[in-house]
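*Asks:* Let me see the structure of the following:
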Amino acid sequence: MSISPICNFAQLVATAQELGPRTAVIAGAQEREALLAAAEAVQQGIANCILVGDEPAIRQAAAAIRVDLAPMPLVHVADPTRVALEAMCIAGRGEADMVVKGHVKTDEFLRAALSREARLRRRLLTHVGPYQIPGIDRLVFISDGGVVLYPTAPQKVQIIQNAIRVARLLGIENPKVALVAASERVNPAVPSTMEATSLVVMARQGQIVGGVVDGPFTLDAAMSAEVAAELRIESPVAGHADVIIAHHVEAGNIMGKGITYFAGGRMAGIVVGAKVPLVVGSRADDHATRLASLALGVVMTARGYKELWG
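*Replies:* Numbers count the residues shown, from 1 in each chain. You can find the predicted model right below:
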């Protein structure tokens, strides 16, 4: 049975309310915006939240913003270097459906997810960012902007496949995937264009499934039908991309930051490939954006995350 595509964060949160609650464990829960998002998620029936971190710091932060901690179990971890690992272990024991990054460093958070003690490691971890961008009538998924730094071709196949799966769980039945580069023409002097050509062939041979993969495209050709027509690009993806695959972390990260800071866009970030979804947004996210990221984890869990990655 097909499901309607989720086109914005309001729909994402509403869908999570329908499918929730699920259990989220917050690593480093003394962070103000993370606490506000957790409290709102509990209030709206989206998630049951377990708070992990330094208990006095969490209680002090909650008192300052008048968050009631009574509905949220608190796990005290005094050592800040152990906070992320404890949160991952809780999920690894089956006591939580997702792990949410709070006041911990991203590298510590991901390293904990990969530890043997957590028992969460399954496949290559990749970051997928659904972006809500002013003037665009759908969510645009960008990958990988923060986990796999300089992916090999086999890793790029997994990055694309993971992004397709995330888009499909949000109701996009046949995601259009654009491999972006500095030029839409294949040029041996521009490695990203050569790699894109190889990946398209691999997709057509069935090594990537569930979406339509094409490229190389410049970013404007991937997103604008007018630009694609002017360049005489004939492709179902050109001008209509749902998923944008960056050549490497620098391209993905700069693109994402540009959307956020120049265009007023918002990202609900998720890392997939572990036993459970890992919710990883930007450190500058407000609590509404963090709530959307948490809602993303809930929707993906409810719609079969474990069947795909667990």
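
*Asks:* What are the boundaries of the helices in the stretch 151-300 of the chain?
*Replies:* 153-169, 191-204, 219-223, 225-230, 249-262, 287-302 (DSSP state H, counting those that start in this stretch).

*Asks:* angle of the second one against helix 249-262?
*Replies:* Read it as helix 191-204. Helix 191-204 and helix 249-262 are oriented at 100 degrees to each other (axes from the mean of the first three to the mean of the last three C-alpha atoms, to 10 degrees).

*Asks:* Same list, the helices of the stretch 151-300 of the chain, but as JSON lines with distance to Gly281 and mean pLDDT please.
*Replies:* In short, each C-beta sits where N, CA and C put it, glycine included. Compiled in JSON lines, the helices of the stretch 151-300 of the chain are given as follows (distance: least, C-beta to C-beta, whole Å; pLDDT from 0 to 100):
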{"stretch": "helix 153-169", "distance to Gly281": "15", "mean pLDDT": "97"}
{"stretch": "helix 191-204", "distance to Gly281": "27", "mean pLDDT": "95"}
{"stretch": "helix 219-223", "distance to Gly281": "22", "mean pLDDT": "96"}
{"stretch": "helix 225-230", "distance to Gly281": "30", "mean pLDDT": "95"}
{"stretch": "helix 249-262", "distance to Gly281": "11", "mean pLDDT": "94"}
{"stretch": "helix 287-302", "distance to Gly281": "5", "mean pLDDT": "96"}
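
*Asks:* and those, which is most packed in?
*Replies:* Burial of the helices of the stretch 151-300 of the chain is given as mean neighbour count (mean count of other C-beta atoms under 10 Å); helix 287-302 ranks first at a mean of 25.

*Asks:* Show me which positions of the next helix-or-strand element following that helix end up buried.
*Replies:* Once helix 287-302 ends, the next helix or strand along the chain (criterion: DSSP states H and E) is helix 305-308. Buried residues in helix 305-308, counted by 16 or more other C-beta atoms under 10 Å: Tyr305, Leu308.

*Asks:* Quick one: list the elements packing against helix 305-308.
*Replies:* Helices and strands touching helix 305-308, by 3 or more C-beta pairs under 8 Å, 6 or more residues apart in numbering; DSSP states H and E, are helix 153-169.

*Asks:* Not counting the helix it packs on itself, show me its contacts.
*Replies:* When contacts are defined by C-beta atoms under 8 Å, 6 or more residues apart in numbering, helix 153-169 is touched by residues 123-124, 126, 128, 130, 141, 143-144, 148, 151, 175, 177, 195, 198-199, 202-203, 207-211, 213, 242-243, 245, 270, 272-273, 299-300, 303-305, 308-309.

*Asks:* repeat for stretch 47-55
*Replies:* 16, 20-30, 35, 38-39, 41-42, 58, 69, 71-78, 80, 83, 86-87, 90, 95-96, 102-103, 294, 298.

*Asks:* what's the spacing between it and its chain's center?
*Replies:* 21 Å (C-alpha atoms, centre = their mean, to the nearest Å).

*Asks:* just stretch 218-238 next, same as before
*Replies:* When distances are taken as C-alpha atoms, centre = their mean, stretch 218-238 is centred 25 Å away from the chain's centroid.

*Asks:* Dump it to CSV, keeping only the CA atoms.
*Replies:* This file holds the C-alpha atoms of stretch 218-238, laid out as CSV (Å, rounded to 0.1, in the frame of the first residue of the first chain):
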residue,chain,number,x,y,z
THR,A,218,25.2,20.7,-11.8
LEU,A,219,23.1,21.6,-8.7
ASP,A,220,20.9,24.1,-10.7
ALA,A,221,20.2,21.5,-13.4
ALA,A,222,19.3,18.9,-10.7
MET,A,223,16.8,21.3,-9.1
SER,A,224,15.5,23.6,-11.9
ALA,A,225,13.5,22.2,-14.8
GLU,A,226,14.1,25.5,-16.7
VAL,A,227,17.9,25.2,-16.3
ALA,A,228,17.7,21.5,-17.4
ALA,A,229,15.7,22.5,-20.5
GLU,A,230,18.1,25.3,-21.4
LEU,A,231,21.0,22.8,-21.1
ARG,A,232,19.0,20.3,-23.2
ILE,A,233,19.3,17.6,-20.5
GLU,A,234,16.8,14.8,-21.1
SER,A,235,16.4,12.9,-17.8
PRO,A,236,13.5,12.3,-15.4
VAL,A,237,15.8,13.4,-12.6
ALA,A,238,17.0,16.7,-14.1
